[in-house]
Structures are given as structure tokens and as C-alpha cells.
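Undergrad: okay, sequence plus prediction incoming.
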Number of protein chains: 2
Amino acid sequence: MYTSAANVAERRTAPPSLAISTVIFALRPSEKSGRPTLWIPLVRRIREPFKGLWALPGGPLTHSESLQDAASRNLQETTGLAPSYLEQLYAFGGLHRSPTQRVVSIVYWALVQPTEAALADESENVRWFRADRLGDLAFDHNAIVDYALWRLRNKLAYGSIAYHFLGEYFTLAQVREVYEAVLDRQLDPANFRRQIISTPEIEETGEYLQGGKHRPPRLYRFTGRPGLDPDNRSTP
Amino acid sequence: MYTSAANVAERRTAPPSLAISTVIFALRPSEKSGRPTLWIPLVRRIREPFKGLWALPGGPLTHSESLQDAASRNLQETTGLAPSYLEQLYAFGGLHRSPTQRVVSIVYWALVQPTEAALADESENVRWFRADRLGDLAFDHNAIVDYALWRLRNKLAYGSIAYHFLGEYFTLAQVREVYEAVLDRQLDPANFRRQIISTPEIEETGEYLQGGKHRPPRLYRFTGRPGLDPDNRSTP
DNA sequence: TCAGTTCTAGTCATTATGACTTTAACTACC
DNA sequence: GGTAGTTAAAGTCATAATGACTAGAACTGA
């Protein structure tokens, strides 16, 4: 790669460039246990810096799209997926995030449903990884994923985020599996049940899930909206 | 103001520019009741767009400083103050935030202590306003302040943010006044006391505050650290 | 029919919370 | 110098939320 002295000087004085990246979470059955676990799609860097390493999907912000639209777009472009939840995570702007130039990255995090996630594109340069086994990523992306995980766990405990991992109808055991996968610990089914039932956004459908090898569980529906984020506030 | 067709075309294709703004909160005694209330310093716009209107302090991000440093700097430059707490709020990047060009603003919010706040610079173009009586601000700054207020109230309820409004030593009544000012409602002194006492980060000094016209209250000290924010995580 | 499984409902002890009462310790005023 | 006024501090009580646990209901597969 050719780099003139003039280019270096330009880079030093040019305004920091602005990029959008996204941490995408989906639940997929673990290879071993079959229980759902957290997975994240990454893309392989095909040029320097960090050529060959895996990195979060991302790209520059184009002039005609909002930050959220840009995040949505690069989600679509890399994985072919539409997110069921999308929220801004943080703007990372440390001086030495990239060795070659100053980059400010506005990072989003997203949840996708398993039906979607099953259809996700995968290729030589796009692959899904278990969130707890990522290895060394490009740039500061390990730290970014850690923070996204922290936020996801937090939101799960307070807010009503878990349902965006699931389809329209779900059993309480499925909700519990989401919590167990994300928080990485077992929860008491009876107590968990009591808590979820008591939240007003959860509606009992008359239906039952048939086909299990045990008592058929009731199916529920989520009736709430996300919204806390400024971007999601006015959206109806 | 002169604008050539070429300039318009350039603006339309140029990358979005990046700015840092800060919502600064301090408690000051209300003029009437003397009780502490929330105040915010604003700067007057001296050029278009929104010339004459009040706006959040801010400016461009320079090449050699981190986002947090830039926020600190424009805090220092506009008010002369050093923040006791500084955290990233959100990156605002809507397409039409500014009528003249595309601007992405990374906004921080800060708390300053009253001893500091008393020394704050004020001038023709820098003035403090009560947070609940701001009037119409430039750009989308009303929405930004609303969101900052929401975050402040949230952090107060969960985290241990209140002490950054206070000096090193404080009485429990002073802590309660902070909560009452921010949450804008009265709290039961006895119950509030019980809660604060039970948090491990609060340490009872042997001292008492003398000089009141009633029983002298104990003085306490805060021993915790902020840190949740990625920027504040590794900072010791 | 019975063993195995999960779903669902319920009990019980512990803890946190809100409303309230009482006593302590100081000042100011008559 | 006594008393009223004020806030600090400690404690009571009922209610709500939580975690650990028990037991019956409802299905499948052998």
C-alpha cells in the first residue's frame, strides 16, 4: 500500500472520520447442549489495519441517512437481517483506536429473532461466533462487545427486552431460556414465572404449545413497546 | 450571508461534521424559597443559524483530544468550571438538526459542585437558567436537555450520582435536598435516611455540622467511584 | 398403567418499602 | 432560665417483593 508523506500530513489534520458499527445479538442453539446461547456475527477484515482479523460489521455514515438508518443498513448488508430491536450503544472516540487514522465510531446494538437468524448469510468473510468465545478482534472491538454485553444484561434485568429475541408467541420457559442464556445462570422456573406474569405487558393467549413430550405450556404475547432512547421516543 | 451554488453542493456531499456539546447541571439556591434547584448554563448564539437564541455549550472536536477531553474543555471554556462528574449522554445525528449543514453531535452531561458553580463565569453571552424554565433553545437542544434530565433522574434513583453535586462532607439532609431538587418531589426524611445509611459507599465521619438552629447533624463522606461508562472504566 | 418430564399454583421465611411515632439535641425568644 | 420551635435520629408497623421450596396437574413414551 502506497502512502505519501503528504497523505500522512493530511490525515493528521483532517477532521476525525465518522463510522457506524453494530453489535448484533441472536440466540442460537448451542452445538452441544442444544440450549440457546448468545451469538454475534463478525466480518473478516480484508485490508489493513488488522487485515485477517474479525471485526464488528460497520462502515462510514453516508450523507443522507440517520445514524440509526446507517446501523440498520449495515446490519442488512452484512447479514441480510432486519433487527427486531436496535439501540445506540455508545460513541467511541479514543485517539488511538485505529493505528492509521482517527476514527470516531458510533456503535449500535441489535437483537434479531431466531427465525431471522437462521436465514442469516454466512460466507468466507462473515461468520457467527459465540459471544463468550470471540478471540482477539480488530481495533477496540473486544471492549465494545464487552460493553454491549453489559448493557444487554442490564436492559434485560430492568426493561422488557427479552421478547425481541423471540417470535410473536412464546412460552414462559422460552423467555426463561433467554434470560438464562444472556445472564448465564439458572433461574427458578416457578419464581421466574411469577415475575413475568405480573408484568402488564405480557398477555396470555388462549393457545397452548402442543407437541412437547410433557404438559403443554400456555402461549403468551408481548404487547409493549421499546422506547427510552431519544431515537425511539416519538416513533409510534 | 453569501452562499454560492458551489458551497451548497459541497455541503451536500461533504461528510457530516462532528461536534461535542455538554449539558451541565448544578444546584443553586432558588431565588424565592432558597431551596436548591437545578440550573444549566447556556451560551447565546452569535451567528446563524438560530442567531440570538440560547444553546448548549459546545464546539467542534479537535484532532488531538478524546471525546471526553473535548467535553471537558468546552465546559472549562464556557463556564470556567471543572466537572465533578462527566458522562456521555448520546450521539444525535438526525438529518435536519441544523438547517445549514449536517451535524452529528456527541453530547455529554456533567455535574458541578456548588462551590465551583458559585465561581462560574457569567456574561452577556453565557447565562445560567433553571432547568425547568429554559424557553426555546437553538437546534434540537430542548429535546437533548429533556433526555439529559431523564438520564440524571434515572441515575440518581439507581446509581450513586447525587454526591457529585455536593462537597466532600455533607449531611443526610443535604443529600435529600439533592434528590428532592432533581426528582422534584418531597421525600420522607426518616425513610430516606435509612436507605442512604444502608449503602456501603457512605461513610460516617465523627464530625457534626455546627451552626444550625437545631440539633447538629452528622457529617458523612462518599467513598465510591462512578464508573460504568466505557470511558470511565479503566480510569483509576 | 406407570415412570418421567415440565407446567402451574401455592406456602413460608426474609427483606425492602412507605407511613408514621417518638425521643434527642440544639437555638431563639420571652 | 424555662419553654416553644426546629430538625436529627431511631424505631414501629403493615404491606409488597423476593428466593427457596413443595405439590399437584397434564402431557408422552414405554
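TA: Cool, got the structure.
Undergrad: got the residues of chain A near DNA strand C?
TA: When proximity is defined as Cβ under 7 Å from any atom of the strand, chain A approaches DNA strand C at A:171-173, A:189-191, A:193-194, A:197, A:208, A:212-218. C-beta coordinates here come from the backbone N, C-alpha and C atoms, glycine included.
Undergrad: mind listing what A:I24 touches?
TA: Counting by Cβ atoms under 8 Å, 6 or more residues apart in numbering or on different chains, A:I24 makes contact with A:I40, A:P41, A:P57, A:L75, A:T79, A:L81, A:P83, A:W109, A:A110, A:L111, A:V112.
Undergrad: wait, which of those is closest to B:Q88?
TA: Of all these, A:W109 has the smallest distance to B:Q88: 15.1 Å, by Cβ to Cβ.
Undergrad: how near is the closest one to A:S21?
TA: Distance of A:W109 to A:S21, computed by Cβ to Cβ, to the nearest Å: 10 Å.
Undergrad: what is the least confident helix or strand in chain A?
TA: For chain A, counting by mean pLDDT, DSSP states H and E, helix A:5-13 ranks last in confidence among helices and strands (a mean of 50).
Undergrad: comparing A:W109 and A:S21, which shows the higher neighbour count?
TA: Neighbours per residue (other Cβ atoms under 10 Å in any protein chain shown) separate A:W109 from A:S21, with A:W109 holding more: 27 against 23.
Undergrad: verify the assumption that the more buried one is located in a helix.
TA: No: counting by DSSP: H, G, I helix; E, B strand; the rest coil, A:W109 falls outside a helix, being strand.
Undergrad: ok, what's across the strand from it?
TA: Here A:W109 sits in beta bridges with A:V23, A:E87, as judged by DSSP bridges.
Undergrad: next up, the contacts around it.
TA: A:W109 is in contact with A:T22, A:V23, A:I24, A:F25, A:L86, A:E87, A:L89, A:A148, A:R151, A:L152, counting by Cβ under 8 Å, 6+ apart.
Undergrad: and which of those residues is nearest B:S66?
TA: Looking at the contacts of A:W109 and their distance to B:S66, the nearest is A:L89, at 17.4 Å (Cβ to Cβ).
Undergrad: and the residues of chain A next to DNA strand C near DNA strand D, which?
TA: Within the residues of chain A next to DNA strand C, those near DNA strand D by Cβ under 7 Å from any atom of the strand are A:A190, A:N191, A:R194, A:Y208, A:G212, A:K213, A:H214, A:R215, A:P216.
Undergrad: got the residues of chain A near DNA strand D?
TA: Residues of chain A lying near DNA strand D by Cβ under 7 Å from any atom of the strand: A:D188, A:A190, A:N191, A:R194, A:Q195, A:Y208, A:G212, A:K213, A:H214, A:R215, A:P216.
Undergrad: are any of the residues you listed buried, and if so which?
TA: Among the residues of chain A next to DNA strand D, none is classed as buried by neighbour count (16 or more other Cβ atoms under 10 Å in any protein chain shown).
Undergrad: any idea how far A:R102 is from chain B?
TA: Distance, A:R102 to chain B, using Cβ to the nearest Cβ, to the nearest Å: 6 Å.
Undergrad: got the CA positions of the helix ranked longest in chain A in PDB?
TA: The single longest helix within chain A, with elements called by DSSP state H, is helix A:141-158. Extracted C-alpha coordinates of helix A:141-158, given in PDB (Å, rounded to 0.1, in the frame of the first residue of the first chain):
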ATOM      1  CA  HIS A 141     -13.900  -4.300  19.300                       C
ATOM      2  CA  ASN A 142     -13.400  -6.700  22.200                       C
ATOM      3  CA  ALA A 143     -14.000  -3.800  24.700                       C
ATOM      4  CA  ILE A 144     -17.000  -2.700  22.600                       C
ATOM      5  CA  VAL A 145     -18.600  -6.200  22.700                       C
ATOM      6  CA  ASP A 146     -18.000  -6.400  26.500                       C
ATOM      7  CA  TYR A 147     -19.800  -3.100  27.000                       C
ATOM      8  CA  ALA A 148     -22.600  -4.200  24.700                       C
ATOM      9  CA  LEU A 149     -23.000  -7.400  26.700                       C
ATOM     10  CA  TRP A 150     -23.000  -5.400  29.900                       C
ATOM     11  CA  ARG A 151     -25.800  -3.200  28.500                       C
ATOM     12  CA  LEU A 152     -27.800  -6.200  27.200                       C
ATOM     13  CA  ARG A 153     -27.700  -7.800  30.600                       C
ATOM     14  CA  ASN A 154     -28.700  -4.600  32.300                       C
ATOM     15  CA  LYS A 155     -31.600  -4.000  30.000                       C
ATOM     16  CA  LEU A 156     -32.800  -7.500  30.400                       C
ATOM     17  CA  ALA A 157     -32.900  -7.200  34.200                       C
ATOM     18  CA  TYR A 158     -34.800  -3.900  34.100                       C
END
